[in-house]
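1. got a predicted structure plus its sequence, pasted below:
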Protein chains: 2
Amino acid sequence: MHKQRQFSGVIAPVLTPFGEDGSPDAERFVAHCEWLMQEGCTALAPFGTTSEGNSLGVDERMELLEELADSDIEAGTLMPGTGSCSLADAIVLTRHAVELGCGGVLMLPPFYYKAPNEDGLFRFFAEVIEGVGDDRLKIYLYHIPPVAQVGFSLPLIGRLIKAFPETVVGLKDSSGDWNNTAAILDAHPGFEVFPGSEIFLLQGLRKGAAGCISATCNVSAAAIRNVYDHWQGAEADQLQAAITALRQAIQAYPMIPALKAIIAHYRQDLAWAQLRPPFVGLAPADAAKAIQTLADAHGFKLDFAKAA
Amino acid sequence: MHKQRQFSGVIAPVLTPFGEDGSPDAERFVAHCEWLMQEGCTALAPFGTTSEGNSLGVDERMELLEELADSDIEAGTLMPGTGSCSLADAIVLTRHAVELGCGGVLMLPPFYYKAPNEDGLFRFFAEVIEGVGDDRLKIYLYHIPPVAQVGFSLPLIGRLIKAFPETVVGLKDSSGDWNNTAAILDAHPGFEVFPGSEIFLLQGLRKGAAGCISATCNVSAAAIRNVYDHWQGAEADQLQAAITALRQAIQAYPMIPALKAIIAHYRQDLAWAQLRPPFVGLAPADAAKAIQTLADAHGFKLDFAKAA
């Protein structure tokens, strides 16, 4: 039996739009977040990998989060990324998120130094928890070894849960390795595990996962939510097959540029296609082809008629 | 013929001491920097990899640099690390360093996203240069693929030099690959190239390198400086062999914890041995053994009698 979950369902690592001057665009950002909640997201994870979160400055992250907390979106549904190579910045960002009432934070391990000592990783999280010093803090570990290179081993996860059972409450597994997700679920029933792709959503739910946190929720939250809502129904496998196929079609392109190109197209708002370095946008011809292919093969389109 | 070099010689990526509460200790930091200059360093590179620079917060880096700029050390001899995954933070840190009069900055590429598009890396530096908007800015590219994973290819180096000949003036090569260093020197005579280890110092100088920027300069600057001063003399190879052997002996231990343990021992100041997570210190027995081994096999010891 599970204790009440803090987070569950379909969570978007929210894309970050930029304005003409290259700064994050708070207005487009909040509008996108509100649209994602209308589309069926149960919660939002700004400042993740998909969000170009680590390309934002400490101040930029805090300012955008304040805008979001001031919007109609309930702060309890927010799980911002607050990880950093820097212990000091991780504490500042995490404390700020807790003080705004965010339901949780999604934390990368410090990722500059490779193959770090596991005691050192444990100590990093212990010092963040002590530094924030607030019982409301709920940490979701962000395991994404293909990008961060540094990840969370099963023993480290176990050690963190044991030491901080009320604080370290879940994990996003973006390893892309189902066996790893399954091993975490087996070892820690009740721990809120989110595969990092909806490809593993149904499989995950059947094994006790809490939902998924996936880049493509930025453009296909409604269909993913449909799987989440009907995972115990007769149609579940068929619904899952459709979102798996769509995800595979989208991830054939560079993910973040493609998602931004899709939003820009359907919002008829070219500014949305901008990325911050080191990313560059898709060439217009490639973007057009991607959008056409998704529409033709998957009936994919977005409707912003109801959006702000 | 070289144009006047901005930096040359023996440059220490300065260790960062921490106080009892885990914060950077400005007093110990400045004292260490002053001692390094007395020992023969020609310049200092705070906030590098050895400095646990990316484990420091944006504010911490700026505060320490201000302390250093207020000390007796000339700001023109400082080449602080100002790189960050975040374009915004990289601009803030770089502008701050220029405004304090630092002679240059040592910049990592944005290192969170792996295998970035080379146009995106170029654009990152272009936007930093434009964002800082100060002709005094001199950038040294920091190539350290074993840690950052993201590095500077030869074509990217060439493109940056061509676009910003007065700004992108040098590179630290911590690839550990002499062939790479040699290829950069061949391609760009006059570009200020610093191997990231004194093992390549003499070889580098003979091929036009400007000096070296090396972790072990924190404890053996005098001997390294001796090679730099006498590289055209009859004893050069013999002097080089001694510093190579010492470097190899030190790097048999985890480098940053070992360097801090050595300083703590000879300064009789245990606080110096502290590291910030994800690093952990050497076990006291391992530290003692390392210090003894270096003393026995290499006659290695430090003298802080003249230090502040």
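-> Cool, got the structure.

2. quick one: name the residues of chain A near chain B.
-> A:22, A:49, A:54-60, A:85-89, A:92, A:109-114, A:116-117, A:119-121, A:123-124, A:127, A:146-150, A:275-280 (CB under 8 Å from any CB of the partner chain). No exception for glycine: its C-beta is placed from N, CA and C like everyone else's.

3. looking at these, which are in helices?
-> Assigned to helices by DSSP state H, the following of those qualify: A:58-60, A:87-89, A:92, A:119-121, A:123-124, A:127, A:146-148.

4. so which of these comes closest to A:Gln232?
-> A:Pro146 (31.4 Å; CB to CB).

5. just list whatever residues bridge to A:Pro24.
-> A:Pro24 forms beta bridges with A:Phe18, as assigned by DSSP bridges.

6. for it, give me its contacts.
-> A:16-18, A:56, A:60, A:63-64 (CB atoms under 8 Å, 6 or more residues apart in numbering or on different chains).

7. how about A:Leu185, secondary structure?
-> At A:Leu185, secondary structure determined by DSSP: H, G, I helix; E, B strand; the rest coil is helix.

8. and the residues of chain A next to chain B, which are buried?
-> A:22, A:49, A:54-58, A:60, A:85-89, A:92, A:109-113, A:116-117, A:120-121, A:123-124, A:127, A:147-150, A:275-280 (16 or more other CB atoms under 10 Å in any protein chain shown).

9. separation between A:Gln248 and A:Ser220?
-> Distance, A:Gln248 to A:Ser220, using CB to CB, to the nearest Å: 12 Å.

10. got a quick ChimeraX command for the buried subset of the contacts of A:Pro24?
-> A single ChimeraX command selects the buried members of the contacts of A:Pro24 (16+ other CB under 10 Å):
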select /A:16,17,18,56,60,64
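
11. adding pLDDT, write the contacts of A:Pro24 out as JSON lines.
-> Formatted as JSON lines, the contacts of A:Pro24 follow (pLDDT from 0 to 100):
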{"residue": "A:Thr16", "pLDDT": "98"}
{"residue": "A:Pro17", "pLDDT": "98"}
{"residue": "A:Phe18", "pLDDT": "98"}
{"residue": "A:Leu56", "pLDDT": "98"}
{"residue": "A:Glu60", "pLDDT": "98"}
{"residue": "A:Glu63", "pLDDT": "98"}
{"residue": "A:Leu64", "pLDDT": "98"}
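
12. reformat the contacts of A:Pro24 as TSV; add distance to B:Tyr253.
-> Listed next are the contacts of A:Pro24 as TSV, based on distance: CB to CB, whole Å:
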residue	distance to B:Tyr253
A:Thr16	42
A:Pro17	47
A:Phe18	45
A:Leu56	37
A:Glu60	39
A:Glu63	43
A:Leu64	43
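
13. what segments of chain A are helices?
-> Using DSSP H, helices in chain A cover A:26-39, A:58-69, A:87-99, A:118-132, A:145-148, A:154-163, A:178-187, A:201-206, A:217-229, A:236-250, A:255-267, A:284-298.

14. can you tell me which of those helices is nearest to A:Gln6?
-> Closest to A:Gln6 of the helices of chain A, according to CB to CB: helix A:87-99, at 12.9 Å.

15. outside of the closest one, which residues touch it?
-> For helix A:87-99, using CB under 8 Å, 6+ apart, the contacting residues are A:58, A:61-62, A:65, A:78, A:80, A:82-84, A:105, A:107, A:110, A:124, A:127-128, A:131-132, A:134, A:136-137, A:139, B:22, B:55-60, B:276-277.

16. and if you look at stretch A:127-134?
-> Outside stretch A:127-134, the residues that touch it by CB under 8 Å, 6+ apart are A:87, A:90-91, A:94-95, A:98-99, A:107, A:137, A:139, A:164, A:167, B:22, B:277.

17. list the buried ones in it?
-> Residues A:127-129, A:131-132 are the ones in stretch A:127-134 that count as buried (16+ other CB under 10 Å).

18. using a markdown table, please lay out those residues together with pLDDT and distance to A:Glu74.
-> Listed next are the buried residues of stretch A:127-134 as a markdown table, based on pLDDT from 0 to 100; distance: CB to CB, whole Å:
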| residue | pLDDT | distance to A:Glu74 |
| --- | --- | --- |
| A:Glu127 | 98 | 30 |
| A:Val128 | 98 | 24 |
| A:Ile129 | 98 | 24 |
| A:Gly131 | 98 | 26 |
| A:Val132 | 98 | 21 |
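
19. farthest pair in these?
-> Using CB to CB, the pair of the buried residues of stretch A:127-134 lying farthest apart is A:Glu127 and A:Val132, separated by 9.6 Å.

20. name the spans of the stretch 1-150 of chain A whose pLDDT lies under the cut-off.
-> A:1-3 (pLDDT under 70).

21. on that earlier part again, switch the helices of chain A over to TSV; also include distance to B:Pro155.
-> Output for the helices of chain A, formatted as TSV (distance: least, CB to CB, whole Å):
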stretch	distance to B:Pro155
helix A:26-39	35
helix A:58-69	31
helix A:87-99	33
helix A:118-132	36
helix A:145-148	24
helix A:154-163	39
helix A:178-187	37
helix A:201-206	42
helix A:217-229	33
helix A:236-250	31
helix A:255-267	22
helix A:284-298	22
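
22. quick one: closest of those to B:Phe191.
-> helix A:145-148 (31.3 Å).

23. CA atoms only: put that closest one into PDB for me.
-> C-alpha atoms of helix A:145-148 as PDB (Å, rounded to 0.1, in the frame of the first residue of the first chain):
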ATOM      1  CA  PRO A 145      23.300   9.500 -16.900                       C
ATOM      2  CA  PRO A 146      23.200  10.000 -20.600                       C
ATOM      3  CA  VAL A 147      23.400  13.800 -20.100                       C
ATOM      4  CA  ALA A 148      24.700  14.400 -16.500                       C
END
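
24. show me what counts as buried in stretch A:61-72.
-> Buried residues in stretch A:61-72, counted by 16+ other CB under 10 Å: A:61-62, A:64-65, A:68-69, A:71.

25. what distance do you get for the nearest residue to A:Ile161 once chain neighbours are set aside to chain B?
-> Residue nearest to A:Ile161 in three dimensions, not counting chain neighbours: A:Val168, with 5.4 Å by CB to CB, 6 or more residues apart in numbering or on different chains. Note on A:Val168: its distance to chain B, by CB to the nearest CB, to the nearest Å, is 15 Å.

26. what's near enough to touch A:Val168?
-> A:125, A:139, A:141, A:160-161.

27. go on, A:Gly196?
-> So A:Gly196 contacts A:144, A:172-176, A:212-214 (CB under 8 Å, 6+ apart).

28. now the residue nearest to it when sequence neighbours are not counted: how far from A:Met79?
-> Among residues not flanking A:Gly196 along the chain, A:Ser174 sits closest, at 3.0 Å (CB to CB, 6+ apart). According to CB to CB, A:Ser174 stands 14 Å off from A:Met79.
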